[in-house]
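S.K.: Provided below are the primary sequence and the corresponding predicted coordinates.
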Amino acid sequence: MIRHKPTSAFNKKRKRFNQAKAVIAVAIFVALLLSAHYVAAGAFLVLVYLSHELLWSDHVFYDPRADYEHQLLADQVVKVTIQNGVITLPDDVAQCNSCFLQVGLKADWLGFFFDPFVAVAPAPFDAPGKLHQRQYFERRLSGRRYLNLSHAIGPDSRQVHLSSRYCRLAADAVLYCGRAVAIEDQKILVISPHADDAELAAFGLYRQRNSFILTITAGETDADYYLPLVRGASDDNVAAARIKGRLRAWDSIAIPLWGGVPQHQTHQLGYFCLTLQQMSQQPDSTIPSHAADLTQPEYFRGFNALQTTPSRYPPSSWRALVDDIGRMIEQVKPDIIVMPHPALDPHSDHRYASKAVFEACALAPVAPDTFLLYANHYYHTDRFPFGPANTLATLPPDFDKRPPVRIMSLPLTVEAQQDKLMALFMQHDLLIPFKLKKKLRYLLQAWFIKRPRNRYGDDEYFRKAIRANEIFYQVDRAQLANLVAEL
């Protein structure tokens, strides 16, 4: 598959545009200096800086005027009309727990500067005591988008009310309604490529359920923050990587306790960060850690309550990884496996963790046929979900036409969101403070374009992951095989 044609063309065009902007800006600055307008030259630099930070610093690597290309599997597909901000719902829609509205959205002129959003409510916005949820989109958008109506529809729902700001809704829309898999009373295995992925994507799902957490890697790379802690070691960089890996291994075992998952239902495999793709390409070879000078994953398995039998395959090899995952699946016998989306999430460890799970399921005597896929990273932007924390997440930018899938939008209560926030506060890797440049950017955006500063913490995941819901793509084994084949 040739991926993301609209994105590639847009990025080339944007690169040329940025180069032209830079040339013009330098030319104007030099001209002001040569003409002895020093104050004007300084003011011009400030203006260029502010323009960049406020208008062009968002990491949106696609044309916001492109249509999203999600293919939704639904039990009901109904054409509807938005009249005065109201949708009349079809019969039997209350039986559905997954409802998305495909609709055209177009930013108005203020939507070039401010973040567009659509508020969704089950009753008129001026009704006393009625709450609504906002769903945010990228600035300058124009095209097909998807509104998440799953949590605005109740047993007695007959209408849904919409209100947009900094954008306009097209009158004609298509409503996709269906039932996602029931997760209550199911045994759930969550695959976490790194120590925080299970919490970022699925804390609300695994919280207070019969859940098991399997973490693939120790996440020991990029350990510069820990160097001051290991000064005087024979190799500071190796020591820092090892202490970071051990801390994150501890996180992977301890933090699920906050969600009600006992220690014996969590397991850290201890493989090495950013090595899974190479392991897949050389399946019989031992692939060492890039940072910690290790070849034995057992180094990071010390916090596991259950010590497993070593694999018969070479250490830190693909064969050993698939074998370890297969034994976990055989032991747990899950009804549902939750894991990264191998086509939406670009992180190599996430994509190849899913490939390893797929291969392990193919070899296991008993394996489920229901998979819930998540993405903590996205090809097209690192800002999704758009908008501030605690708002509702909908479907992300995607421009590849794939076979239809069901979507689960799992609602999180205020208490569940608070518990998820505390779980992220415990993640050592999310507590590294931002540099001054990024803090200044967010401060300027709060002042000038009214983009709320994240009140929870510096790391962007405190904005992106703390939401009123969690989104999952529901697929079976055959659908998963097609997604893994894209690798």
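M.R.: All right, it came through fine. Numbering: from 1, shown residues only.
S.K.: What spatial separation is found between Gly111 and Asn11?
M.R.: 22 Å (Cβ to Cβ, to the nearest Å). Yep, even glycine has a C-beta here, placed from its N, CA and C like the rest.
S.K.: where exactly do the helices run in the stretch 351-487 of the chain?
M.R.: For the stretch 351-487 of the chain, the helices defined by DSSP state H, counting those that start in this stretch cover 414-425, 436-448, 461-464, 477-485.
S.K.: so of those helices, which one's packed in deepest?
M.R.: Compared across these, helix 461-464 shows the largest average neighbour count, a mean of 20 (mean count of other Cβ atoms under 10 Å).
S.K.: Output the contacting helices and strands for that helix.
M.R.: helix 414-425 (3 or more Cβ pairs under 8 Å, 6 or more residues apart in numbering; DSSP states H and E).
S.K.: residues in contact with the helix it packs on?
M.R.: 196, 199-200, 203-204, 207, 255, 258-259, 390, 412, 430-431, 456-457, 461-462, 465-468 (Cβ atoms under 8 Å, 6 or more residues apart in numbering).
S.K.: Please state the offset of it from the chain centre?
M.R.: 16 Å (Cα atoms, centre = their mean, to the nearest Å).
S.K.: With stretch 20-30 instead?
M.R.: 37 Å.
S.K.: What separation do you get for Lys349 and Gly219?
M.R.: Residue 349: Asp, not Lys. For Asp349 relative to Gly219 (Cβ to Cβ), the value is 9 Å.
S.K.: quick revisit: can you tell me which of the helices of the stretch 351-487 of the chain has the worst average pLDDT?
M.R.: Mean pLDDT is lowest for helix 436-448 among the helices of the stretch 351-487 of the chain, at a mean of 92.
S.K.: can I get the CA coordinates of that one in CSV?
M.R.: Extracted in CSV, the C-alpha atoms of helix 436-448 (Å, rounded to 0.1, in the frame of the first residue of the first chain):
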residue,chain,number,x,y,z
LEU,A,436,11.7,26.9,28.6
LYS,A,437,11.1,27.3,24.9
LYS,A,438,8.1,25.0,24.9
LYS,A,439,6.7,26.5,28.1
LEU,A,440,6.9,29.9,26.6
ARG,A,441,5.1,28.7,23.5
TYR,A,442,2.2,27.3,25.5
LEU,A,443,2.0,30.5,27.6
LEU,A,444,1.8,32.7,24.4
GLN,A,445,-0.9,30.4,23.0
ALA,A,446,-2.9,30.8,26.2
TRP,A,447,-2.6,34.6,26.0
PHE,A,448,-3.3,35.2,22.4
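S.K.: How about residues contacting stretch 400-409?
M.R.: Contacts for stretch 400-409 (Cβ under 8 Å, 6+ apart): 1, 3-4, 69, 71-74, 97-98, 100, 148, 150-151, 178, 180-181, 343, 372, 393, 395, 469-475, 479, 482-483.
S.K.: hey, what's in contact with both of Asp349 and Gly219?
M.R.: By Cβ under 8 Å, 6+ apart, the residues touching both Asp349 and Gly219 are 194, 273.
S.K.: Comparing those two, which residue is more hemmed in?
M.R.: Gly219 (29 against 22; other Cβ atoms under 10 Å).
S.K.: three-state assignment of that one?
M.R.: Here Gly219 is coil, with the state taken from DSSP: H, G, I helix; E, B strand; the rest coil.
S.K.: And for Val78?
M.R.: Per three-state DSSP, Val78 ends up strand.
S.K.: ok, it - contacts?
M.R.: 90, 174-175, 177.
S.K.: mind putting these in TSV, pLDDT, neighbour count and distance to Asp126 included?
M.R.: Below are the contacts of Val78 laid out as TSV (pLDDT from 0 to 100; neighbours: other Cβ atoms under 10 Å; distance: Cβ to Cβ, whole Å):
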residue	pLDDT	neighbour count	distance to Asp126
Pro90	81	15	25
Val174	97	16	28
Leu175	95	23	24
Cys177	92	25	27
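S.K.: from these, which two are the most distant?
M.R.: Pro90 and Val174 (11.6 Å; Cβ to Cβ).
S.K.: any residues in contact with both of these two?
M.R.: Joint contacts of Pro90 and Val174 (Cβ under 8 Å, 6+ apart) are 78, 80.
S.K.: sorry, back to before: out of the contacts of helix 414-425, which end up buried?
M.R.: 196, 199-200, 203-204, 207, 255, 258-259, 390, 412, 430, 456-457, 461-462, 465-468 (16 or more other Cβ atoms under 10 Å).
S.K.: Could you tell me the model confidence score at the nearest residue to Val261 once chain neighbours are set aside?
M.R.: Of all residues not flanking Val261 in the chain, Ser211 sits nearest, at 5.2 Å (Cβ to Cβ, 6 or more residues apart in numbering). We have a pLDDT of 98 for Ser211.
S.K.: Make sure Ser211 is actually in contact with Ser192.
M.R.: No: assessed by Cβ atoms under 8 Å, Ser211 is found out of contact with Ser192, at 11.3 Å.
S.K.: Strands - which of the contacts of helix 414-425 land there?
M.R.: Assigned to strands by DSSP state E, none of those qualify.
S.K.: on that earlier part again, in strands, which of the contacts of Val78 fall?
M.R.: Going by DSSP E, the strands hold 174-175, 177 from those.
S.K.: so which of those comes closest to Ala25?
M.R.: For these, the nearest to Ala25 is Val174 (44.2 Å; Cβ to Cβ).
S.K.: Would you quantify the distance from the closest one to Leu149?
M.R.: 12 Å.
S.K.: Give the residues shared as contacts by the two.
M.R.: Joint contacts of Val174 and Leu149 (Cβ under 8 Å, 6+ apart) are Leu101.
S.K.: what stretches of the stretch 101-250 of the chain score poorly on pLDDT?
M.R.: 128-130, 233 (pLDDT under 70).
S.K.: What residues does Leu436 make contact with?
M.R.: So Leu436 contacts nothing (Cβ under 8 Å, 6+ apart).
S.K.: neighbouring contacts of stretch 106-119?
M.R.: Contact with stretch 106-119 is made by 54-55, 64, 105, 125, 132-143, 147, 162-170, 386-387, 391, 449-451, as judged by Cβ under 8 Å, 6+ apart.
S.K.: Might you report the residue contacts of the nearest residue to Leu200 once chain neighbours are set aside?
M.R.: Spatial nearest neighbour of Leu200, excluding adjacent residues (Cβ to Cβ, 6+ apart): Ala465 at 4.6 Å. Counting by Cβ under 8 Å, 6+ apart, Ala465 makes contact with 199-201, 376, 420, 424.
S.K.: As a check, name the ranges of all strands in the stretch 101-250 of the chain.
M.R.: 117-121, 133-136, 142-148, 159-165, 167-178, 188-192, 211-217 (DSSP state E, counting those that start in this stretch).
S.K.: which stretch among those strands comes nearest Ala22?
M.R.: Between the strands of the stretch 101-250 of the chain, strand 142-148 lies closest to Ala22; by Cβ to Cβ that is 26.5 Å.
S.K.: The closest one pairs with which strands, and in what direction?
M.R.: Strand 142-148 has the following sheet partners, assigned by DSSP bridges: strand 98-107 (antiparallel).
S.K.: Only the buried residues of stretch 221-231, if you could.
M.R.: For stretch 221-231, by 16+ other Cβ under 10 Å, it's 221-223, 226, 230.
S.K.: Same check on stretch 248-260?
M.R.: Buried, per 16+ other Cβ under 10 Å, within stretch 248-260: 248-253, 255-256, 258-259.
S.K.: In a markdown table, list the ones in strands among the contacts of Val78 along with distance to Ser157.
M.R.: Putting those into a markdown table (distance: Cβ to Cβ, whole Å) gives the following:
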| residue | distance to Ser157 |
| --- | --- |
| Val174 | 18 |
| Leu175 | 12 |
| Cys177 | 11 |
